[in-house]
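> build me a model:
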Amino acid sequence: MLPERTLTLPPVKYAAGKGLFFSEILQVDGDNAKIALLLPPRYRGHEYELVAIYGLTDVRDTGLLAAWAWFKSVLGFKTKIPAS
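Numbers count the residues shown, from 1 in each chain. Predicted coordinates for the structure are as follows:
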């Protein structure tokens, strides 16, 4: 329906962001990460495959998932580390 689009990203480190509703590609600079682009909802749940295919550094929780993980850690609940 629409013409194909391509996007060339600068050569820096990237990670996959796992959100509650959307996945993201994050530009990583040490412990800081900023959103490079949002992915369509069909990518949700496939973040580990994106890491393997595109050679991204890791998968990080973003948005509400990151806030929930922080809240659980403050209350003293242990978080489960995902198998990579």
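> all strands of this protein, in order?
13-18, 23-29, 32-38, 59-61 (DSSP state E).
> next one: K18 from G76, what distance?
Between K18 and G76 the distance, using C-beta to C-beta, to the nearest Å, works out to 23 Å. Quick note: C-beta positions are derived from backbone N, CA and C, even for glycine.
> this protein: helices as residue ranges?
Secondary structure of the chain by DSSP state H: the helices cover 47-54, 63-75.
> mean pLDDT lowest where, among those helices?
The minimum mean pLDDT among the helices of the chain belongs to helix 63-75 (a mean of 86).
> packing partners of that helix?
Under the contact definition 3 or more C-beta pairs under 8 Å, 6 or more residues apart in numbering; DSSP states H and E, helix 63-75 sits against no other helix or strand.
> tell me how far it lies from the chain's centre.
Computed by C-alpha atoms, centre = their mean, to the nearest Å, the chain-centroid distance of helix 63-75 equals 15 Å.
> report the angle between that helix and strand 23-29.
Angle of helix 63-75 versus strand 23-29, following axes from the mean of the first three to the mean of the last three C-alpha atoms, to 10 degrees, is 60 degrees.
> contacting residues around helix 63-75?
For helix 63-75, the external contacting residues (C-beta atoms under 8 Å, 6 or more residues apart in numbering) are G17, K18, G19, L20, F21, R60, D61, T79.
> who's sitting farthest from the centroid in the protein?
Most distant residue from the mean C-alpha position of the chain: M1, 28.1 Å away (C-alpha atoms, centre = their mean).
> re the thing from before, which of the contacts of helix 63-75 lies closest to P41?
For those, the residue nearest P41 by C-beta to C-beta is F21; the value is 6.8 Å.
> and the contacts of helix 63-75, which are buried?
G17, K18, G19, R60, D61 (16 or more other C-beta atoms under 10 Å).
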